[in-house]
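K.L.:
Let me see the structure of the following:
(2 chains)
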Amino acid sequence: MVDMAQTSDEYMDGAKDKAPASRFSMARTKGSDLTARGEPMVWAMGGSLAFGLLMISGFLALIFWNGFTAFWPKPLEIVTTVSGRTIAGEPLRTESYHPGAEILAALEPSVRDAIIDNGGFADRTLYRIGNYDFYGNDFEWVSAYEVKSVATPKDLMLVERQEWGVFIGTLISMDADGQVSNRPTLDALNAAHERTRALREARIAIEKGPVGDINHEINELRLSIRRAEIKYGTDSPEMIAAQEHAASETVRLTKEFDKLSAQVLAARAAEQSVTVKVADIGGDARDFPLANFVLYYFANDLSLAAKVQIYLERWWEFLSAEPREANTEGGVWPAIFGTFVMTVVMALLVAPFGIMAALYLREYARQGRIVSLVRICVNNLAGVPSIVYGVFGLGFFAYVLGGSIDAMFYPEHLPAPTFGTGGLLWAALTLALLTVPVVIVATEEALASVPRSMREGSLACGASKWQTIRWIVLPRAMPGIMTGLILAMARGAGEVAPLMIVGVVKLAPELPIDAIFPFVHLERSFMHLGFHIYDVGFQSRNSEAGRSMVFVTALVLLALVLVLNTVSIIVRNRLKRRFAGDKF
Amino acid sequence: MTDVTAENGPDSKGPRRSVIYTRDKKTKTSVVLMDRLAGRVISVGGLFVIATVFAIMMFLIWVAMPLFGTGSASAPHRYTIDQSGAPVISTSLDEYASLGLELASGGHLTAFHAPSGKRIADMQFDFAGSQPSAFARTLQGDDIAYGFEDGTVRLGSLAIESRLVAPKSLPQGLTTLPGGDRTDGTAVYLEVAGKQVRRLAPSLALDTLVQVAPAGTPIRFLDYRIGGTSERPTKIFASVDAQGTARLSAAFSHVDMMTGETATEIVNTEVPTGLDVSAISKVLLNTQGDRLIVVSKDGLLHRFDTRNPTAPRLAETVRVLPAGVVPSAVTYLNGENSLIVAGADASLKIWSLIDRTSKDTSDGKVFTAIHDFGAQPAPITHLNVSQRTRLFIGADQAGTVALYHATSTRRVLTFPDSAGGEKNSPVSALILAPRDNAVIAIGEKGDVRLWSFDVPHPETTIKTLFGKVWYEGYPEPGYTWQSTSGTDSAEPKLSLVPLIFGTIKGAIYSLLFAVPIALLAAIYTAEFMHFRVRAVVKPVMELMASLPSVVIGFVVALVLSPIVENWIAAIVLAFGVVPLTLIGLAFLWQLLPQPIALRLDGIPKLVAFFFGVAFAIWVAMKVGPVLEYGFFGGDFKAWTSGSGSAAPFIFLLILPVTFLITFSLGGRMLGSAWRDRLRSKPYHIAGAYELVRWIAFTIAALALAALASYLLGGAGFDARGGLVDTYIQRNTLIASFGMAFAVIPIIYSIAEDALGAVPEHLRSASLGCGATRWQTAAWVILPTAGSGIFSAIMIGLGRAVGETMIVVMATGNTPILDWSLFNGLRALSANINVELPEAVKDSSLYRTLFLCGLVLFVMTFVLNTLAEVVRQRFRKRAAQL
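P.N.:
Sure thing, here's the model as predicted:
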């Protein structure tokens, strides 16, 4: 035995000598070995973590700050440059930049030297000068070295208009039905504005309501003829009857339409009866109908309460109105609504199927090699790029499925596709497919976390398999399933790439749910917050013009996604806590 | 045992006495039914979902597969159109392949119903007694020119008029042709979609004659083109007369206001060819009239530059066939930039005009053979090209007709012979229908063969999608993606290689940035952090994963990229300064006496990290501009485009290497003596020594890097053109930073989970043996969790490969093949996103985009499966430890 112990000791010693980490043996001798502390690596690791946290917090801060301040009324400034030009505008932001070599060469030597001393950087401020119809340009950078003086007169006015974007200038006079008043009081202006805006809203209500209905009916009549033709053949009695019916109806509708258009014309004349004369900073005076003004204020003459009011008004318009000016102004209500409806439809589709698949995998399928293979694949599908689902959605749902539906149920619309192109249903289905692995994985985990003892207990009491699942397993797994579902919704709401292929548009004329039968129009294309960001940020005339809108839209989308995620985390934590005290 | 059975048996009365058994033992039918129903529904539904998910791949394959198919051709319709012995010189076919025209040498035209061969009409060109000696057609085939024995030329047209007729205004008494079309003896009426009728009728016209060659000198060769707009056409033709004089002629037609007659005026330019007429094989003109090609019988191609019509000159002479081989057929390919040259040796090649300075050419362009079809079964005698694509058909001496595609360099299909086994006579006229769906070949004996065919994607093969292709006008074969272009005659270039390259480039750069940060952060979180702090930090990092990528893309592309553009020098510098500063701070931290260091180990140290990073970025921003002026000539962007010395950037690149060298060499030189000396000192004193050592080594490394970069720069090494290139605002650097937002949280979260899954007892054992936390993490935990970390990186890679919106927004989407960090890229995903909304269903582009989707699917599926398998193995192993 002693011999044995000795040999084994020797063996151990030998191993120690061979061990690559000879530093271990050194570390045993007492003293301060700094390499053992690995302080530089610890700092590299900690620094990486700090960097990651700075990335996320900086990102969120950027979005939140820009989003929340976008609607706050800023003061208006009149800048007089060294060259004698005057610019009136709203200062948006200031940054340091590198003036190019040509610009530098053209500068005064003293200014140039100052810039070079500053590391080649100069400061500049971006002014929103508005008045696109006056200048053909509505943003301007003003470098700090160009500025001679800055003034903030109280009579400078900012107007958000229905068309042509923002106007910045001074108010000269108001002409209400021929009564001209020079420099009208704000109260008089407000009263006239309220009146004409009300007229305008009434007119739009007519145009959207009855006039839209008539157009819809005329279209329906045309389709009814085509339907008869397809069903009974060309020149069949049914088709002729439909034609006659359509002819008589069209006469009636046209009459109604004429009556309504006369109303609309009258309303339009009434709302245009009040005009205001405004002049830009250069003194170029023009008349505008007051009804075209959405919002106006004297920016340098606002109390805090007035500022708050404007701020809230703008938020309300943003959340409730339709977009204007190629989406760069106005609201995003259709996009919010579209995102919401799409996400809900997606959740309705994904929930039953995802849960069914998970139940099958966990409770019904015989656990074996194949099921674990399937499980790996399902897991991996969560990592398949979303764009691939978009490709599939377009090719299969829209073209193959939708094309067949059109041929079967909507032949009278052809060749214009009904379901045979991107739309809400296909977008929701595509996203459902995209998120179904998330739900399957989450549900499976939730099902697996239900203690086996509970199942066995239920079965032992004589419950059938389905009864056990229905009354014991599912209720226990519900929080987990909900977590998965909410996570899927968050992912779906934030996903844009596949939607761009299967049905999102920059401007949808109609909401997917409205008062026209059958009320829910799943074939319609729709607007989406995420696509709105892409569209306004990248496709619009001037990315600067939509920038603040994009920030606010991003804020709304981010808030939606973050709220969904937070809810899922809370639900998950609850689940954990419940089971922590639930041990058998 | 028997007792039990007896007791439970139905006959047994015993159990009835027990209270428990008084209940009805039978399960309720509804429960049984419900159970069965639920089982069925769940099984069917579950299997359905799983099957659907797998059907995606099948569907992608199903859509993409036709790209590699060849297509099919019908058996020929055979019939004979008798021309009473006159040879056929030309033929036409309308776009519905219904009406065919056959022009015999004497000017006799027969119109026939193409599917059945029934004669519709006979017409005759009136040559007013002249004897035609040359004939030419424009590319579209509707306009013709005749040259005569007396040296005159007559322009004219030979067209199929096509117009829609209302069904009600159809003429009476139409006879029905086989196949359902109708005729009135002059035209064919066919029903088209929308219940409309299309009338197809032949039409002939001949303008007045113009004298081109001296009277009595026959015109031997003629080529005719119409350019300009349809309102103001420019008619040009080239002719060679019997004396060998080549002329380029422009015809101006104007209508006489008084008489209403059309008068044609001709402007002639003689082209000095220096060739005998008997040596000429083919004369070709292009639509702009700035190039005249004469192919001689000895296989030489003479190209004349006629851009200056008053002074035409020979631009180049190229041998297109071996000496002694007579060209058997030569014609322009659609677009008129390439020639198809078939020789008597059965060769078939495409020659394209390529920009290349050479001593053999006077205008910087050279005809170069870009496609070689190899030896054909027999010499090709007749060619006809598609008017829309790079398809063409050729008929060989044996009368076999085949379809070729120029760009994909393949014989797409050979038109089948009829089952009857009739012998084909040599072809004398050949036409490809305007829609590229039918072919008529007319033999010398007037026998007509008509094939309809369907070749949906002739331009795509494995080779064109994944290999180098020599496109027209390109100096060399290459990988090109250019799906659309401004002109109709340009062909789509669909190579997936730049896209796959872009995907990999984006993924690699973003991982280079994300992996170190994510892994180091994960190790710190798992091994060095108090669990309460971890409970806050981890969800915050994971929050990053839920940021919608469109928001990231917007911020990165529109907010960050202008800032980065301004501060690019500082940002490049930050890649060196941030790690250096952190490590420097670590050495400073070691100066703290141990009790204080231990007391500050938790939250204060974490805060110090933040300040360290912020301080480092501040330093980089301060030093960046200075550095920019000192080393990059004051403008880093201008430097990337090629101004200034290459050395400064090499210095930055080489820095990690020199650090490695100095620290490993220096450490070895100091050796264990240094460490033994330190060991006898208190921690903070040792720290001071270490700090001095580190500063010395760092300075040495910097000096070494400076020296090396100076030498390498002097030797001509330059990162520009490779790793860095001309700075573009939306570039790979920006995109990688954006993708880091998507990738870091994934790698971080999975890696942290993997580290956390290492059994606690390993950690305890290591710490218990006296190892520090760093030693435990580096030598015990990391090796154990290695496979888990590997799978984290793979999943991160999968995400980076598939990311779409960030790439679409933050890069310029330029499909290029270079590694430059400051240039854009075009990833597969972004490409699909940009192109698919515009792609026509079932077009080649549409299917190619599905193939892109499939490639992406397979790439990510393989990566994820690998990761998943490794992770499962890791889990099993971790559980066993």
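
K.L.:
any idea what sits nearest the residue in the stretch 1-150 of chain A that chain B sits nearest to, other than its immediate chain neighbours?
P.N.:
Of the residues in the stretch 1-150 of chain A, the one nearest chain B is A:Gly119, at a distance of 2.7 Å by C-beta to the nearest C-beta. C-beta: built from backbone N, CA, C; applies to glycine. Using C-beta to C-beta, 6 or more residues apart in numbering or on different chains and skipping residues adjacent in sequence, the residue nearest A:Gly119 is B:Pro625, 2.7 Å away.

K.L.:
which bits of the stretch 101-250 of chain B sit near chain A?
P.N.:
Taking C-beta under 8 Å from any C-beta of the partner chain as the test, the list of the stretch 101-250 of chain B residues beside chain A reads B:Lys195.

K.L.:
Lowest-scoring secondary structure element of chain B by mean pLDDT?
P.N.:
One helix or strand of chain B scores below all others by mean pLDDT, DSSP states H and E: helix B:2-8, with a mean of 42.

K.L.:
buried ones in whichever strand or helix holds the residue nearest to A:Gly119?
P.N.:
Assigning secondary structure by DSSP states H and E places B:Pro625 in helix B:603-631. By 16 or more other C-beta atoms under 10 Å in any protein chain shown, the buried positions in helix B:603-631 come out as B:605-606, B:608-610, B:612-613, B:615-617, B:619-621, B:623-625, B:627-628, B:631.

K.L.:
list the contacts for residue 511?
P.N.:
Answering for chain A, as no chain was given. The neighbours of A:Leu511, taking C-beta atoms under 8 Å, 6 or more residues apart in numbering or on different chains as the test, are A:Pro334, A:Phe337, A:Gly338, A:Phe526.

K.L.:
wrong one, I was asking about chain B
P.N.:
When contacts are taken as C-beta under 8 Å, 6+ apart, B:Leu511 is in contact with B:Val743, B:Ile793, B:Gly796, B:Leu797, B:Ala800.

K.L.:
Could you list which of those residues belong to helices?
P.N.:
Within these, membership in helices is found for B:Val743, B:Ile793, B:Gly796, B:Leu797, B:Ala800, as judged by DSSP state H.

K.L.:
Quick check, A:Val536 in contact with A:Glu329.
P.N.:
No. Proximity of A:Val536 to A:Glu329 does not meet the contact threshold set by C-beta atoms under 8 Å, at 9.7 Å.

K.L.:
Give the residues shared as contacts by those two.
P.N.:
Between them, A:Val536 and A:Glu329 have A:Met549 as joint contacts when contacts are counted by C-beta under 8 Å, 6+ apart.

K.L.:
For the helix or strand encompassing A:Thr430, which residues meet the burial criterion?
P.N.:
A:Thr430 belongs to helix A:424-449 when elements are defined using DSSP H and E. Neighbour-count burial for helix A:424-449, with 16+ other C-beta under 10 Å as criterion, is recorded at A:424-447.

K.L.:
Please see if it touches chain B.
P.N.:
Yes. For helix A:424-449 and chain B, the contact criterion (C-beta under 8 Å from any C-beta) is met by A:Leu433, A:Val436, A:Pro437, A:Ile440.

K.L.:
quick one: the first one and B:Ile56 touch, right?
P.N.:
The one in question is A:Leu433. Yes. Counting by C-beta under 8 Å, A:Leu433 sits close enough to B:Ile56 to count as a contact (7.4 Å).

K.L.:
and for the two, which residues touch both?
P.N.:
When contacts are counted by C-beta under 8 Å, 6+ apart, A:Leu433 and B:Ile56 are jointly contacted by A:Tyr389, A:Phe392.

K.L.:
count of residues packed around B:Tyr404?
P.N.:
Applying the criterion other C-beta atoms under 10 Å in any protein chain shown, we find 25 residues in the vicinity of B:Tyr404.

K.L.:
Over to it. Which of the three states is it?
P.N.:
At B:Tyr404 the chain is in strand, as set by DSSP: H, G, I helix; E, B strand; the rest coil.

K.L.:
and it, what does it touch?
P.N.:
Counting by C-beta under 8 Å, 6+ apart, B:Tyr404 has contacts B:Leu348, B:Phe373, B:Leu391, B:Phe392, B:Ile393, B:Gly394, B:Arg410, B:Arg411, B:Val412.

K.L.:
can you rerun that using 7 Å?
P.N.:
Residues touching B:Tyr404, when contacts are defined by C-beta atoms under 7 Å, 6 or more residues apart in numbering or on different chains, comprise B:Phe373, B:Phe392, B:Gly394, B:Arg411, B:Val412.

K.L.:
cool, and B:Gly756?
P.N.:
With contacts defined as C-beta under 7 Å, 6+ apart, the neighbours of B:Gly756 are B:Ala526.

K.L.:
Relative to A:Glu329, how far out is it?
P.N.:
Taking C-beta to C-beta, to the nearest Å as the criterion, B:Gly756 is separated from A:Glu329 by 49 Å.

K.L.:
for the residues of helix A:424-449 next to chain B, which one is nearest A:Ser458?
P.N.:
In terms of C-beta to C-beta, no member of the residues of helix A:424-449 next to chain B lies closer to A:Ser458 than A:Ile440, at 23.6 Å.

K.L.:
Could I get the full set of strands for the stretch 151-300 of chain B?
P.N.:
Counting by DSSP state E, counting those that start in this stretch, the stretch 151-300 of chain B forms strands over residues B:152-165, B:175-176, B:182-183, B:188-192, B:196-211, B:219-228, B:233-241, B:246-255, B:262-271, B:280-285, B:291-296, B:300-305, given from the N-terminal end onward.

K.L.:
Same list (those) but as JSON lines, adding distance to B:Glu491.
P.N.:
Compiled in JSON lines, the strands of the stretch 151-300 of chain B are given as follows (distance: least, C-beta to C-beta, whole Å):
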{"stretch": "strand B:152-165", "distance to B:Glu491": "27"}
{"stretch": "strand B:175-176", "distance to B:Glu491": "41"}
{"stretch": "strand B:182-183", "distance to B:Glu491": "38"}
{"stretch": "strand B:188-192", "distance to B:Glu491": "29"}
{"stretch": "strand B:196-211", "distance to B:Glu491": "29"}
{"stretch": "strand B:219-228", "distance to B:Glu491": "20"}
{"stretch": "strand B:233-241", "distance to B:Glu491": "25"}
{"stretch": "strand B:246-255", "distance to B:Glu491": "28"}
{"stretch": "strand B:262-271", "distance to B:Glu491": "30"}
{"stretch": "strand B:280-285", "distance to B:Glu491": "20"}
{"stretch": "strand B:291-296", "distance to B:Glu491": "20"}
{"stretch": "strand B:300-305", "distance to B:Glu491": "22"}
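
K.L.:
would you turn the ones you listed into CSV with mean pLDDT and mean neighbour count?
P.N.:
Rendered in CSV, the data for the strands of the stretch 151-300 of chain B read as follows (pLDDT from 0 to 100; neighbours: other C-beta atoms under 10 Å in any protein chain shown):
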stretch, mean pLDDT, mean neighbour count
strand B:152-165, 86, 18
strand B:175-176, 80, 10
strand B:182-183, 84, 20
strand B:188-192, 83, 19
strand B:196-211, 84, 17
strand B:219-228, 87, 21
strand B:233-241, 86, 23
strand B:246-255, 79, 17
strand B:262-271, 77, 14
strand B:280-285, 90, 21
strand B:291-296, 90, 23
strand B:300-305, 90, 21
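
K.L.:
quick one, what contacts the residue in the stretch 601-750 of chain B that chain A sits nearest to?
P.N.:
Going by C-beta to the nearest C-beta, chain A is nearest to B:Pro625 of the stretch 601-750 of chain B, at 2.7 Å. Contacts of B:Pro625 were listed using C-beta under 7 Å, 6+ apart, and they are A:Gly119, A:Gly120, A:Phe121, B:Ala569, B:Ala570.

K.L.:
Emit the PyMOL select command for whichever of those are buried.
P.N.:
To isolate in PyMOL the members of these that are buried, counting by 16+ other C-beta under 10 Å, one can use:
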select buried, (chain A and resi 119+120+121) or (chain B and resi 569+570)
